[in-house]
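Asker: here is a sequence together with a model predicted from it:
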Amino acid sequence: MDNTHSADASTVPGLLAGKVAFVTGAGRGIGAAAARLFAREGARVLLTARTEAELKAVTEEIRSSGGTADYALCDLADGAGVRAAVDRAVALYGRLDVAFNNGATTMPPGPMEQVSEADFDHVYAVNLKGPWAAMVAEVAAIRATAGTGAIVNNTSVGSLMGNPALPAYGALKRAVNSLTESAAVAYGPEGIRVNAVAPGTTLTAMMRAWDERSPGTVDRLNAHTPLRRAADPDEIAQAAAWLLSDRASYVTGTVLPVDGGMQAV
């Protein structure tokens with residue numbers, strides 16, 4: 001057999017080889033899965049979240065596997081803190097190429113009239129204002145260092161349809177879709193691509209807690225998903241990694257459902 005054109009997998013460059021990546025909400029769930037994956041794919045990664053113990057554990061795991069990672073504490077509701085975290089990535093690694101704005105918060109499921117003003121304000125500050133502040137800082141850092149790059153925002157399949165169980169969450173995630181599209185148009189001429197992933201049911205701590213409060217929630221959601229199962233966080237991270245990579249070099253302004261077909265039902 002002629003193996004002239006075959007390649008050892010170990011010699012194939014990773015999707016994000018040579019890039020510096022910034023990940024919010026990286027202490028657990030999709031963010032932690034993304035940080036691990038990005039490092040395996042060759043990126044130097046700066047992880048951010050509010051909980052130092054979680055960040056430290058994921059960072060040490062990446063390092064023990066041969067990856068390059070560090071972390072910075074960051075509350076997405078604090079714009080100055082978000083900017084400082086992005087600056088930390090540049091200070092550590094000299095540049096910023098890609099960013100995954102994953103961090104978010106939620107609230108107990110229920111109809112719109114049961115959402116308190118305080119809860120709405122908190123979800124707004126973290127889920128909309130936070131990604132906005134991050135994108136502004138990331139664009140500035142990419143522009144000043146790498147010159148070109150890519151950003152992916154994590155929204156939700158619930159942002160693409162009516163979401164009576166989580167009305168404020170869905171509305172603010174839909175607003176992030178709009179920010180994504182606007183940023184893609186604004187920064188595309190500079191070579192900065194901006195996309196979003198919209199996950200369906202994903203087995204994160206947030207989803208498991210919802211299922212514990214309302215037993216059978218995951219099963220009901222899976223019944224409305226053509227693939228008849230929930231996603232593993234790594235499956236969402238894989239989509240984000242591709243969008244951030246040069247293999248998606250002509251993709252921008254897209255909100256990509258990663259939902260097992262849920263939106264098609």
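Answerer: Here it is on my side, so go on.

Asker: use CA for all of it now, contacts and neighbours both
Answerer: OK.

Asker: and the longest strand seen in the chain, which strands flank it?
Answerer: If each strand of the chain is counted by residues according to DSSP state E, the longest one is strand 192-199. Strand 192-199 has the following sheet partners, assigned by DSSP bridges: strand 149-154 (parallel), strand 255-258 (parallel).

Asker: and for the last one, what's in contact with it?
Answerer: Contact partners of strand 255-258, identified using Cα atoms under 8 Å, 6 or more residues apart in numbering, comprise 156-157, 177, 180, 195-200, 236, 239, 263.

Asker: can you list those residues in a markdown table and add distance to F38 and neighbour count?
Answerer: Listed next are those as a markdown table, based on distance: Cα to Cα, whole Å; neighbours: other Cα atoms under 10 Å:
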| residue | distance to F38 | neighbour count |
| --- | --- | --- |
| S156 | 21 | 26 |
| V157 | 23 | 25 |
| N177 | 23 | 26 |
| T180 | 21 | 28 |
| N195 | 17 | 25 |
| A196 | 16 | 29 |
| V197 | 16 | 25 |
| A198 | 19 | 22 |
| P199 | 18 | 26 |
| G200 | 21 | 23 |
| I236 | 12 | 24 |
| A239 | 11 | 20 |
| Q263 | 27 | 16 |
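
Asker: before we move on, back to that, quick one: average pLDDT of the longest strand of the chain?
Answerer: For strand 192-199, the mean pLDDT works out to 98.

Asker: can you give the contact residues for it?
Answerer: Where contact means Cα under 8 Å, 6+ apart, the residues beyond strand 192-199 that reach it are 139, 148-159, 177, 180-181, 183-184, 187-188, 236, 239-240, 243, 249, 251-259.

Asker: now intersect those residues with the helices, please.
Answerer: Per DSSP state H, helices hold the following members of these: V139, N177, T180, E181, A183, A184, Y187, I236, A239, A240, L243.

Asker: including pLDDT, could these go into TSV?
Answerer: As requested, the ones in helices among the contacts of strand 192-199 are arranged in TSV below (pLDDT from 0 to 100):
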residue	pLDDT
V139	98
N177	98
T180	98
E181	98
A183	98
A184	98
Y187	98
I236	98
A239	98
A240	98
L243	98
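
Asker: which one of those is nearest to A33?
Answerer: Looking at the ones in helices among the contacts of strand 192-199 and their distance to A33, the nearest is I236, at 8.5 Å (Cα to Cα).

Asker: sorry, back to before: so among the contacts of strand 192-199, which ones count as buried?
Answerer: Among the contacts of strand 192-199, those scoring as buried are 139, 148-159, 177, 180-181, 183-184, 187-188, 236, 239-240, 243, 252-259 (criterion: 16 or more other Cα atoms under 10 Å).

Asker: hmm, who's touching stretch 51-61?
Answerer: With Cα under 8 Å, 6+ apart as the test, stretch 51-61 has contacts from A26, G27, R28, A32, R36, L47, T48, A49, A69, D70, Y71, L73.

Asker: quick check: buried residues in that stretch?
Answerer: Under 16+ other Cα under 10 Å, the buried positions of stretch 51-61 are T51, L55, K56, V58, T59.

Asker: tell me the first helix or strand C-terminal of the longest strand of the chain.
Answerer: If you walk from strand 192-199 toward the C-terminus, the next helix or strand you reach (DSSP states H and E) is helix 205-213.

Asker: mean confidence score for that following helix?
Answerer: The predicted model assigns helix 205-213 a mean pLDDT of 85.

Asker: turn the buried residues of stretch 51-61 into TSV, including distance to A209.
Answerer: Written out in TSV, the entries for the buried residues of stretch 51-61 read as follows (distance: Cα to Cα, whole Å):
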residue	distance to A209
T51	18
L55	20
K56	23
V58	21
T59	25
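
Asker: ok, the residue lying closest to A237 once chain neighbours are set aside to A239 distance?
Answerer: Distance criterion Cα to Cα, 6 or more residues apart in numbering; nearest residue to A237, sequence neighbours excluded, is A34 at 4.7 Å. If you measure A34 against A239 using Cα to Cα, to the nearest Å, the figure is 10 Å.
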